[in-house]
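# mind folding the following:
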Amino acid sequence: MQFVLKHKDQTSNARSGIIYTDHGEIKTPVFMPVGTAGTVKAIHNRDLKEQVKARIILGNTYHLYLRPGLDILKKAGGLHKFNAWDRPILTDSGGYQVYSLAHRRKMNEDGVVFQSHIDGSRHTFTPEKVMDIQRTIGGDIIMAFDECTPYPCEYDYAKKSMHLTHRWLNRCINHFDNTGPVFDYSQSLFPIVQGSTYKDLRIQSAEEIANSNREGNAIGGLSVGEPAEIMYEITELVCNILPKDKPRYLMGVGTPANILEAIALGIDMFDCVMPTRNARNGMIFTSEGIINMRNKKWEADFSPIDPNGLTFVDQMYNKAYLRHLFVANEMLASIIATMHNLGFYLWLVDEAGRQIENNTFGNWKNQMVSKLSARI
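Residues are numbered from 1 along each chain as shown. I've put the predicted structure just below:
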């Protein structure tokens, strides 16, 4: 994997670039739709590529390990061939899912023992096993095994957890560097900065991760309930330490406004279930704000879903029709809403890149942020 920095904004730390992988180029800043179980919910790959124009998707190690399982994925030739996605894939380490299953897991120095949410069976994740699992899933970018701390989190626990994450990282690196890809293309390992909301821990972790000298770096443990101002403060702090010549990935973020603010701080990569999950519940993101598609006010509104007609969906469907589909509980409602929300997110990061290249990002970002969180 290679990262080439193309442009730097003159009024902020925003930048644009290109990540080169064996499955294609990824123009940054980039948003990665989440395909938890090998599919981005409620959208066909064809539309994901041709209409939404997604350049990379995310797969979930925990879920894919449990179902369909590694034997099936290996026989298929990896996730790319299994789900017919020929562009880059990033796989997370399963650390966040283990964190969210606190009542089903036990953690120690070696790793984590957990119960499957599917059938209650017991499994063990160690740093080495997680590397092997991600090798078999076949992501172009794979994540180090870490512990994601909750918010709020006591200082002593955050410190202990951070050091455990660092020790696990060393084991991930050693095992990754002493093994090869299962399939005929290269893979890159990203370490993850932790440390909760404590600045001294985040500085220490960012320095440790920077010194590991991998091809890219991630920031984890944010967007877990802390105020947005704290998330931005920690992100800025960490971005000032992580290498400028490598991509920076802010995990699990977030709203359109979150994404623009984080781009301004120097982040290149994002993922979040918000655009797809909220779409299925009738929440639509637009360039003028947020729409509750079930609201009766749209019953006879035949204007495009986005007032500015930014996505492919806006050329075909109107608010009244989409509202009708939701009220009638039609499956097509989730499909159209998902296509729209993902299309809007991808438009947003693409437009951010264009504004960076034109040296107009700062003013544009401020204008957009003031609108994006408004309820229409």
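
# rest of the way, CA atoms for contacts and neighbours
Noted.

# report the backbone C-alpha coordinates of stretch 178-195 in PDB.
Output in PDB follows, covering the C-alpha atoms of stretch 178-195 (Å, rounded to 0.1, in the frame of the first residue of the first chain):
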ATOM      1  CA  ASN A 178       6.200 -13.400  10.100                       C
ATOM      2  CA  THR A 179       3.300 -14.600   8.000                       C
ATOM      3  CA  GLY A 180       2.200 -13.900   4.400                       C
ATOM      4  CA  PRO A 181      -1.100 -13.200   2.700                       C
ATOM      5  CA  VAL A 182      -3.400 -16.200   2.200                       C
ATOM      6  CA  PHE A 183      -4.300 -14.800  -1.300                       C
ATOM      7  CA  ASP A 184      -2.300 -13.300  -4.100                       C
ATOM      8  CA  TYR A 185      -2.300  -9.700  -3.000                       C
ATOM      9  CA  SER A 186      -0.700  -7.600  -0.300                       C
ATOM     10  CA  GLN A 187      -2.200  -6.500   3.000                       C
ATOM     11  CA  SER A 188      -1.400  -3.600   5.300                       C
ATOM     12  CA  LEU A 189      -1.700  -3.500   9.000                       C
ATOM     13  CA  PHE A 190      -2.900  -0.300  10.800                       C
ATOM     14  CA  PRO A 191      -2.300   0.100  14.500                       C
ATOM     15  CA  ILE A 192      -4.900   2.000  16.700                       C
ATOM     16  CA  VAL A 193      -4.400   4.900  19.100                       C
ATOM     17  CA  GLN A 194      -6.300   4.500  22.400                       C
ATOM     18  CA  GLY A 195      -6.300   6.300  25.700                       C
END
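
# all further residue positions should be reported with the first residue as 16.
Okay, using 16 as the starting number, the last item reads as stretch 193-210.

# quick one: buried residues of it?
P196, V197, S201, Q202, S203, L204, F205, P206, I207, V208, Q209, G210 (16 or more other CA atoms under 10 Å).

# contacts only, for the closest residue to G53 other than its chain neighbours.
In space, and not counting its chain neighbours, G53 is closest to G74: 5.8 Å by CA to CA, 6 or more residues apart in numbering. Applying CA atoms under 8 Å, 6 or more residues apart in numbering, we find G74 in contact with V49, G50, T51, A52, G53, T54, I104, L105, T106, D107, G154.

# list the contacts of the fourth one.
The contact partners of A52, by CA under 8 Å, 6+ apart, come to G74, N75, H78, L79, R82.

# name the element it belongs to?
For A52, there is no enclosing helix or strand under DSSP states H and E.

# next, it: phi, psi?
A52 adopts backbone torsions of phi -100, psi 30, taken as degrees, to the nearest 10.

# next helix or strand past the one helix or strand Q112 maps to?
If you go by DSSP H and E, Q112 is part of helix 110-115. Following helix 110-115 in sequence order, the next helix or strand is strand 120-122 (DSSP H and E).

# output the contacts of A52 in CSV, with pLDDT, secondary structure and distance to H178 appended to each entry.
Converted to CSV, those look like this (pLDDT from 0 to 100; DSSP: H, G, I helix; E, B strand; the rest coil; distance: CA to CA, whole Å):
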residue, pLDDT, secondary structure, distance to H178
G74, 97, strand, 26
N75, 95, coil, 24
H78, 95, helix, 26
L79, 97, helix, 28
R82, 97, coil, 31
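
# so which of the residues you listed wins on neighbours?
G74 (27 neighbours; other CA atoms under 10 Å).

# just for this protein, where's the confidence low?
Where the chain drops to pLDDT under 70, the residues are 113-114.

# pick out the residue nearest the middle of it.
With distances taken as CA atoms, centre = their mean, D286 lies nearest the centre of the chain, 1.7 Å away.

# circling back to that earlier point, could the contacts of G74 be laid out in JSON lines, adding secondary structure and distance to V127?
JSON lines is the format used below for those (DSSP: H, G, I helix; E, B strand; the rest coil; distance: CA to CA, whole Å):
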{"residue": "V49", "secondary structure": "strand", "distance to V127": "24"}
{"residue": "G50", "secondary structure": "strand", "distance to V127": "24"}
{"residue": "T51", "secondary structure": "coil", "distance to V127": "20"}
{"residue": "A52", "secondary structure": "coil", "distance to V127": "21"}
{"residue": "G53", "secondary structure": "coil", "distance to V127": "23"}
{"residue": "T54", "secondary structure": "coil", "distance to V127": "26"}
{"residue": "I104", "secondary structure": "strand", "distance to V127": "25"}
{"residue": "L105", "secondary structure": "strand", "distance to V127": "22"}
{"residue": "T106", "secondary structure": "strand", "distance to V127": "18"}
{"residue": "D107", "secondary structure": "coil", "distance to V127": "16"}
{"residue": "G154", "secondary structure": "coil", "distance to V127": "22"}
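
# who wins for most neighbours among those residues?
G154 (29 neighbours).

# how close does it sit to L73?
Going from G154 to L73 by CA to CA, to the nearest Å gives 9 Å.

# tell me, what's touching these two both at once?
I104, L105, T106.
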